[in-house]
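Trainee: Okay, predicted coordinates and the sequence, questions at the end:
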Amino acid sequence: MAERPAIVYFGNDWAAENRTSSHHVARWLASRYRVIYVECPGLRAPKGTGRDLRKLLAKLRLSLSAPRPTPEGLLVKTLFQIPFHRFGLVRALNRFLIRLSLGRMLRRLGITAPITWFVVPHLAGVVGTLGERLSVYYCIDDYASLPDVDPVAVRAMDEELTRRAGMVFVASQTLLEAKRSLNPESHLSPHGVDYDHFVRAQDPALAVPGDAAGLAHPVVGFFGLIERWIDLGMIDWLAEQRPGWTFLLIGRLAVPEVEAPHRPNIVYLGRRPYDTLPAYGKAFDAALIPYHLTPQVLHANPIKLREYLAMGKPIVSVSTPEIDRFAAHVRIGRSREEMLAHLDAAVTGGLPPEARRAQTELASTMTWDANLRRVLERVEARLAAARP
């Protein structure tokens, strides 16, 4: 049997505050391939905040270091780029620096003919420059619709990478048609779920953390990055209508403090370790997906929906194309009033045992392992077809 190639995997920060699909996919691949995880700068230009400047300096320091091993079995290499992608000259300079540093790294590691795997859109210029046998674009978002990015520049980079990649996988059905118009080798690959981790929320022996154990019930919970795609105005309105409930938000507050609603029954716990999320989820009487209906959200396939399903919690969500596919298991609201009525029903009636079993069984079929095996079958078939 031929030796499997190495994968040079281009993702976001390995130590990012949120565990995204980029991390889950890379960890799964690392159990089967030799994976060099290349940390790429974000799409948005830094704002000059203390947090952004600290990240920029840390990236500069790490970019000068050798790839570092992780407990998950991959090597992590940090790329330093000039983070102003809207300028053509900057993009050209970045491409030159990337090719130079990656070529040197692969030579030192003795890697030839790798697979290149992109989870970020702004490195299309790398495709075909590393002697790779196959390039994969694993597109998980409508990147041009993300907050604070240059939409014209990002759309151009996304389309260029789509055209140049050997294979494209997208996380949602709504992204598939546009990608296929640019590259016929585009396929659907919905997100998975870390099922064994999140089903622990149903374990009677699992203790709720102390900072959530004493909250007034019912608790309406959410975990994830609290960015502009979260409808904080709706959360404020819901909390006003039900002052006796607790609205528990777990995750970094990524919007200015003045834009976040503050009421006695809205609790911001901030970021909590990924390992503890099932324990916090156990405190939820209902799990909430309160998105603004932005273009990014309308193309999204939220991982947290699958995580909530595995936890066996009543779920109340806004309507999006991907969430609507789960209407048999999710209470879907198309207005604030509908969201409130669904929450009333969820916290009053809870989740009947048969509904919880159905949710749990559904989540168990959508693991990262199950989804990525299908992806890998396509990738390996393509590699086999290309062998002389």
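Mentor: Good, I have the coordinates.

Trainee: what about residue 10, distance to residue 184?
Mentor: Note on residue 10: its distance to residue 184, by Cβ to Cβ, to the nearest Å, is 23 Å. Bear in mind the C-beta positions are built from the backbone N, C-alpha and C, glycine included.

Trainee: When the two are compared, which one has more neighbours?
Mentor: Neighbours per residue (other Cβ atoms under 10 Å) separate residue 10 from residue 184, with residue 10 holding more: 25 against 8.

Trainee: Could you pick out the longest helix of the chain?
Mentor: Counting residues, the longest helix found in the chain (DSSP state H) is helix 88-109.

Trainee: Mind giving me the packing neighbours of that helix?
Mentor: Helix 88-109 sits against strand 35-39, with contacts defined as 3 or more Cβ pairs under 8 Å, 6 or more residues apart in numbering; DSSP states H and E.

Trainee: What pairs with the strand it packs on, parallel or antiparallel?
Mentor: Here strand 35-39 has these sheet partners by DSSP bridges: strand 7-11 (parallel), strand 75-78 (parallel).

Trainee: CA-only coordinates of the first one, as PDB, when you get a sec.
Mentor: This points to strand 7-11. Presented in PDB, the C-alpha positions along strand 7-11 are these (Å, rounded to 0.1, in the frame of the first residue of the first chain):
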ATOM      1  CA  ILE A   7      -1.200  17.400   4.600                       C
ATOM      2  CA  VAL A   8      -0.200  21.100   4.800                       C
ATOM      3  CA  TYR A   9      -3.400  22.500   6.400                       C
ATOM      4  CA  PHE A  10      -4.100  26.200   6.300                       C
ATOM      5  CA  GLY A  11      -6.400  27.200   9.100                       C
END
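
Trainee: Neighbouring strands of the next helix or strand along the chain from the longest helix of the chain in the sheet, and parallel or not?
Mentor: Using DSSP states H and E, the helix or strand that directly follows helix 88-109 along the chain is strand 115-118. Using DSSP bridges, strand 115-118 pairs in its sheet with strand 7-11 (parallel), strand 134-139 (parallel).

Trainee: Need the winner for burial among the strands paired with strand 35-39.
Mentor: Among those, strand 7-11 has the highest mean neighbour count (mean count of other Cβ atoms under 10 Å), at a mean of 25.

Trainee: Could you check the angle it makes with helix 88-109?
Mentor: Here the directions of strand 7-11 and helix 88-109 differ by 140 degrees (axes from the mean of the first three to the mean of the last three Cα atoms, to 10 degrees).

Trainee: I'm done for today, thanks for sticking with me.
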